[in-house]
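**Q** all I have is the shape, not the residue letters:
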Ligand code: HEM
């Protein structure tokens, strides 16, 4: 949400995709809509690229001698994968620190590695569940509310301390229900 508030044109594009996908009669976004909401998916992937909740994957241990990228890795070596550095490598990514969901459009990402869920046998077993949960939560917020920053200045994206890359300052934003969605939000 913070990244979207700093780039309202991205928020608008996601909203347009959502409205076009759901059509009439208007209803809340559902899990079955998510495969069609490709731009929403790009936003989530770009967010996970910039702010992977596990910037350093769990420590892994090599179970056998092997050679990876020309480096000999003996059996029993502890391996720490720096997802944060891989996702922002300036030799791989154009404008690595910029939020550009379009880089994931049409399934393209320049062949670069994006591994917010890890990889291999110990990768997150709940990747699909995680993507659905985030897709539905973010999708509903985009679909149902109009969002605005509290002032002219951009949302401060400074990272706080912690294992999962929390923001230093919690997000403050103005939001109100969209007139067309009020009936979906319940009034009792
Ligand atoms: C956006 C949401 C999520 C992200 C970004 C995420 C990311 C990760 C990462 C990076 C790992 C470590 C992979 C590695 O070390 O190679 C992991 C492991 C794991 N995750 Fe997730 N996860 C998410 C949601 C979930 C959810 C919702 C569940 C459970 C319902 C879950 C259950 C697990 C489990 C059990 C492991 C350990 C797998 C193993 O060691 O074999 N994750 N996750």
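**A** In hand now; what should we look at? Please read all numbers here as calculations on a predicted model, not as lab measurements.
**Q** ok, and does the lengthiest helix in the chain reach over to the ligand?
**A** Secondary structure of the chain per DSSP state H: the longest helix is helix 127-144. Yes: Helix 127-144 lies in contact with the ligand when judged by CB under 6 Å from any ligand atom; the contacting residues are 129-130, 134. C-beta here means a position set from N, CA and C on the backbone, and glycine is covered the same way.
**Q** does stretch 83-101 reach the ligand?
**A** No: looking at stretch 83-101 against the ligand by CB under 6 Å from any ligand atom, there are no contacts, and the closest approach is 7.0 Å.
**Q** distance between stretch 4-13 and the chain's centre?
**A** Its chain's C-alpha centre lies 14 Å from the corresponding centre of stretch 4-13 when counted by CA atoms, centre = their mean, to the nearest Å.
**Q** same question for stretch 158-167.
**A** When distances are taken as CA atoms, centre = their mean, stretch 158-167 is centred 15 Å away from the chain's centroid.
**Q** chain neighbours aside, what residue packs nearest to the residue in the chain positioned nearest to the ligand?
**A** Closest to the ligand within the chain is residue 118: 2.4 Å, counting by CB to the nearest ligand atom. For residue 118, ignoring the flanking residues on the chain, the nearest one in space by CB to CB, 6 or more residues apart in numbering is residue 57 at 5.1 Å.
**Q** next up, the contacts around that neighbour.
**A** Taking CB atoms under 8 Å, 6 or more residues apart in numbering, we find residue 57 in contact with 80-81, 83, 115, 118.
**Q** of the residues you listed, which belong to helices?
**A** Using DSSP H to define helices, the subset of the contacts of residue 57 located there is residue 83.
**Q** which among the contacts of residue 57 count as buried?
**A** For those, a burial check counting by 16 or more other CB atoms under 10 Å picks out 81, 83, 115, 118.
**Q** out of the residues of helix 127-144 next to the ligand, the closest to residue 76 would be?
**A** Within these, proximity to residue 76 (CB to CB) peaks at residue 130, which comes in at 30.9 Å.
**Q** is residue 64 in contact with residue 76, as I believe?
**A** No: Residue 64 sits out of contact with residue 76 when judged by CB atoms under 8 Å, with a separation of 9.3 Å.
**Q** rewinding a little: the residue of the chain closest to the ligand contacts residue 124, doesn't it?
**A** Yes: proximity of residue 118 to residue 124 meets the contact threshold set by CB under 8 Å, at 5.7 Å.
**Q** what parts of this structure come near the ligand?
**A** Taking CB under 6 Å from any ligand atom as the contact definition, the chain meets the ligand at 53-54, 57-58, 116-118, 122-126, 129-130, 134.
**Q** filter the residues you listed to the buried ones?
**A** Neighbour counting over those (16+ other CB under 10 Å) leaves 54, 57, 116-118, 124, 130, 134 as the buried ones.
**Q** returning to that earlier point: for the next helix or strand after the longest helix of the chain, which positions count as buried?
**A** Secondary structure here is assigned by DSSP states H and E; on that basis, the next helix or strand after helix 127-144 toward the C-terminus is strand 145-149. Neighbour-count burial for strand 145-149, counted by 16+ other CB under 10 Å, picks out 145, 147, 149.
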